[in-house]
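Visitor: Need coordinates for the following:
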Amino acid sequence: MRDDYQQLVDEITAVLRAPATLENRDFALIAFGAQDSEDGEDTEEPALDPVRTRSILQRRSTAAVRAWFEAFGIARAQAPLRIPPDPAAGVFMGRICLPVRHRGVVHGYVWLLDDGHLSDLELGGPTGAPDPRLARAMETAARIGALLAAEARAGEELGELLRDVLTAPPAGRDAARTQLRTALRGAADGPLALVAVVPWTPGTGEDADHPGLPHLPGIVAACALPGDATAGAGLAALVRLRAATALDPARTTAEQLLRSPRATAGGTAAAVARGEPPAKAAAGVSAPRRGLEELPAAWQEALAAARAAHADPHLGPVAEWSAIGPYRLLAALPALQPDAAVRPLLEPAHAELARTAETFLDCAGQAGRTAQRLGIHRQTLYYRLSRVRQLTGLDLDAGEDRLLLHMTLKAARLGPPRR
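Guide: From the prediction side, this is the model:
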């Protein structure tokens, strides 16, 4: 289907004699066209445009660029729009935006660089008809819209099956697994990995027709899963791997998903209580699987890794299940109140003492390493550790007390489990 998009974008490029770029509603690149000369050779683009260059190289526009374009109402536009440059947002060249719609719903945008050679192109409106070339381009954009809509419908159906495989009762789960295996054909045999992104904002209100399911190479199915009172919604993406021992495709997909505007910022209640700034969205990658039978277990692994990456910046923003250490155990435990001895240390007023104690235990009780990592004098460290002993009553020279303190601090950082 990607070849279909490329062919249609090339048609628009040829009709308007201007390089065209196709992005989906979330500003992820789908295809781009290069202008050809009459003898078939590629000609130079009108000028080096950093927004177009970034979109092509990094497959996505920046938040500032998205905000500038969306301010002109492109998501509601029925006809082409001219958008002026905005150097402050990095938009150094004007654009003509062709909304890509199907049955009244916008599914993406075709962008045309306007360095002045399109300034006389009549866009049409209440007082006149559009330039015939632009009318032809809009007809092509409508064909793109139909393809995007069909792809979205197919993706949503696969996503619903994946959701049932991960969360439905056993009877419904078995039926969904059978249907998903049929729909995925050979891809169902793997190797596969699940990627979790938390938090993830699904479509609401005006975006209700756009649940935000990503269409990236390698993703065979994706679904948004609801959160609860303690955690926001998350995204599950089933990714095809090249080999059972190589998770690189899943990591790449996770990194791309984190650049989506739907990967919203947030933070655990425990982090807020410790006075830490909210963490950005994070992603987790499960261990590889063959077949679909172990997907629920893989989802728990991916989710645990995402929670760990969200809680501990040293692990994120993308963490693999095999690399999260003690969080593999902690993520599987039910939600419990912090141990009574450690609870005073978790109060916001003692956030610095809690960080000191956790770092000390992370460094295996080595004072020199701890002081260096915290950037404090060793005597300051000793004073803080004495305050920790006073608050908790725990002996930091005793192995069991150190284990209790360490695991309680890690569990508090991880926050409550997501379901």
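Visitor: C-alpha from now on. contacts and neighbour counts both.
Guide: Fine.
Visitor: pull the helix or strand with minimum mean pLDDT from this protein.
Guide: Taking all helices and strands of the chain together, the one with the lowest average confidence (mean pLDDT, DSSP states H and E) is helix 269-273, at a mean of 45.
Visitor: so what's residue 340 up against?
Guide: Contact partners of residue 340, counting by C-alpha atoms under 8 Å, 6 or more residues apart in numbering, are absent.
Visitor: On the three-state scheme, it is what?
Guide: Three-state secondary structure (criterion: DSSP: H, G, I helix; E, B strand; the rest coil) places residue 340 in coil.
Visitor: returning to that earlier point: I'd like the next helix or strand past the least confident helix or strand of the chain.
Guide: strand 282-285 (DSSP states H and E).
Visitor: And that following strand, what does it pack against?
Guide: Counting contacts by 3 or more C-alpha pairs under 8 Å, 6 or more residues apart in numbering; DSSP states H and E, the secondary-structure elements packed against strand 282-285 are strand 192-198, helix 248-258, helix 295-311, strand 318-320.
Visitor: low pLDDT regions in the protein?
Guide: Segments of the chain classed as low confidence (criterion: pLDDT under 70) are 1-2, 35-61, 125-128, 203-215, 227-232, 264-279, 416-419.
Visitor: what's the longest helix in it?
Guide: The helix spanning the most residues in the chain, taking DSSP state H as the definition, is helix 132-167.
Visitor: now the strands for this structure?
Guide: Assignment of strands within the chain using DSSP state E yields the ranges 20-24, 29-32, 81-83, 94-102, 105-114, 192-198, 219-225, 234-240, 282-285, 318-320.
Visitor: Any buried residues in the second one, and which?
Guide: For strand 29-32, a neighbour-count test (16 or more other C-alpha atoms under 10 Å) marks 29, 30, 31, 32 as buried.
Visitor: Adding distance to residue 282 as columns, could you present those in CSV?
Guide: Converted to CSV, those look like this (distance: C-alpha to C-alpha, whole Å):
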residue, distance to residue 282
29, 22
30, 24
31, 27
32, 29
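Visitor: nearest to residue 303, of those residues?
Guide: When the buried residues of strand 29-32 are compared for distance to residue 303, the smallest value, 27.2 Å, is given by residue 29; criterion: C-alpha to C-alpha.
Visitor: isn't that closest one right up against residue 23?
Guide: Yes. Look at residue 29 against residue 23 with C-alpha atoms under 8 Å: they come within range, at 4.4 Å.
Visitor: List the contacts of residue 73.
Guide: Under the criterion of C-alpha under 8 Å, 6+ apart, residue 73 has no neighbours.
Visitor: Please report the distance of it from residue 79.
Guide: Residue 73 sits at a distance of 11 Å from residue 79 (criterion: C-alpha to C-alpha, to the nearest Å).
Visitor: got it, and residue 398?
Guide: In this structure, residue 398 and residue 79 are 72 Å apart, going by C-alpha to C-alpha.
Visitor: Who has more neighbours out of these two?
Guide: Using other C-alpha atoms under 10 Å as the criterion, residue 398 and residue 79 rank with residue 79 on top: 17 against 9.
Visitor: Let me see the contact set for the more buried one.
Guide: Taking C-alpha under 8 Å, 6+ apart as the contact definition, residue 79 lies against 98, 99, 123.
Visitor: Near the last one, how many other residues are there?
Guide: Same thing as residue 123. Taking other C-alpha under 10 Å as the criterion, the count of residues near residue 123 is 18.
Visitor: Compute the distance between it and residue 82, please.
Guide: Applying C-alpha to C-alpha, one obtains 8 Å for the distance of residue 123 from residue 82.
Visitor: The second one too?
Guide: Relative to residue 82, residue 99 is positioned 11 Å away (C-alpha to C-alpha).
Visitor: likewise residue 415?
Guide: The separation that residue 415 has from residue 82, given C-alpha to C-alpha, amounts to 47 Å.
Visitor: Comparing the two, which shows the higher neighbour count?
Guide: Neighbour comparison, residue 415 and residue 82: the larger count goes to residue 415, with 23 against 15 (by other C-alpha under 10 Å).
Visitor: mind checking how far the more buried one is from residue 311?
Guide: With distances defined as C-alpha to C-alpha, the gap from residue 415 to residue 311 amounts to 8 Å.
Visitor: Make sure residue 233 is actually in contact with residue 201.
Guide: Yes. Counting by C-alpha under 8 Å, residue 233 does reach residue 201; the two are 6.5 Å apart.
Visitor: need the contact list for residue 189.
Guide: Each residue near residue 189 by C-alpha under 8 Å, 6+ apart is listed here: 290, 291, 292.
Visitor: Just give the number of residues close to the first one.
Guide: I take that to be residue 290. When counting by other C-alpha under 10 Å, one arrives at 16 neighbours for residue 290.
Visitor: Kindly report the same for the last one.
Guide: Residues near residue 292, counting by other C-alpha under 10 Å, number 19.
Visitor: That one contacts residue 177, doesn't it?
Guide: Yes. Taking contact to mean C-alpha under 8 Å, the distance of 6.8 Å between residue 292 and residue 177 places them in contact.
Visitor: re the thing from before, reformat the helices and strands packed on strand 282-285 as TSV; add distance to residue 357.
Guide: Formatted as TSV, the entries for the helices and strands packed on strand 282-285 read as follows, by distance: least, C-alpha to C-alpha, whole Å:
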stretch	distance to residue 357
strand 192-198	28
helix 248-258	31
helix 295-311	17
strand 318-320	24
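Visitor: Mind checking the ones you listed for the one nearest to residue 326?
Guide: Among the helices and strands packed on strand 282-285, the nearest to residue 326 by C-alpha to C-alpha is helix 295-311 (9.5 Å).
Visitor: Which residue ranges make up each domain of the protein?
Guide: The record, using automatic domain parsing to delimit domains, assigns the chain the ranges 2-148, 168-330, 343-414.
Visitor: Dump the ones you listed to CSV, plus distance to residue 157.
Guide: Output for those, formatted as CSV (distance: least, C-alpha to C-alpha, whole Å):
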stretch, distance to residue 157
domain 2-148, 14
domain 168-330, 9
domain 343-414, 33
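Visitor: Could you identify which of the ones you listed is most buried?
Guide: Neighbour counts (mean count of other C-alpha atoms under 10 Å) averaged over each of the domains of the chain peak at domain 168-330, with a mean of 20.
Visitor: how long is it from one end to the other?
Guide: Looking at domain 168-330, the gap from its leading to its trailing residue is 24 Å under the measure C-alpha to C-alpha.
Visitor: returning to that earlier point: from the buried residues of strand 29-32, which is closest to residue 220?
Guide: Checking the buried residues of strand 29-32 against residue 220 by C-alpha to C-alpha gives residue 30 as the nearest, at 16.6 Å.
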